[in-house]
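> Just to be clear, the model below is a prediction. Sequence and coordinates:
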Amino acid sequence: MDACNAKLGPLREFILPGGTTVAAQLHVARTICRRTERFCVRLSREEKTGTLVVPYLNRLSDALFVLARWVNYRAGHKDTFWRK
């Protein structure tokens with residue numbers, strides 16, 4: 001993930017999900033992962049959960065985001081930045 005991210009450069013703005021088909025699918029997977037992470041945080045307030053579940057899901061969503069950007073980069077598709 002670090003090697004892929006190094007080629008992408010720093011983010012200074014929010015990017016909109018999309019781009020190539022594979023990148024868009026990775027963004028969808030990231031969204032599902034983030035939703036699961038939030039669910040696990042709520043669940044951990046009521047039930048005992050493993051201490052690594054939430055950090056793992058958070059890192060996984062980061063990896064999916066970087067991979068989506070990297071796939072677009074490799075395909076020559078530039079990030080689309082969100083504008084206010």
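Sure thing, it's come through. It should be emphasised that the depicted structure is a prediction, and the values quoted were computed from it without experimental measurement.

> wait, what's in contact with the residue positioned nearest the centre of the chain?
By CA atoms, centre = their mean, the chain has its centre lying nearest to Phe65, at 2.8 Å. By CB atoms under 8 Å, 6 or more residues apart in numbering, the residues touching Phe65 are 26-27, 30. No exception for glycine: its C-beta is placed from N, CA and C like everyone else's.

> Excluding its own residues, what touches stretch 7-14? List them.
With CB under 8 Å, 6+ apart, stretch 7-14 has contacts from 66, 69-70, 73, 81-82.

> now do stretch 44-52
The contact list for stretch 44-52 (CB under 8 Å, 6+ apart) reads 40, 43, 53-54.

> Pull the distance from it to the chain's centre.
Here the centre of stretch 44-52 is set off from its chain's centre by 23 Å, with CA atoms, centre = their mean, to the nearest Å.

> Quick check: mean pLDDT of it?
Mean pLDDT, computed over stretch 44-52, is 93.

> can you check stretch 4-19 too?
For stretch 4-19, mean pLDDT is 86.

> related to what we said a few turns ago, please, which helix or strand holds the residue nearest to the centre of the chain?
Assigned by DSSP states H and E, Phe65 falls within helix 53-75.

> do you know how far Tyr52 is from Arg59?
Heads up, residue 52 is Leu, not Tyr. 10 Å (CB to CB, to the nearest Å).
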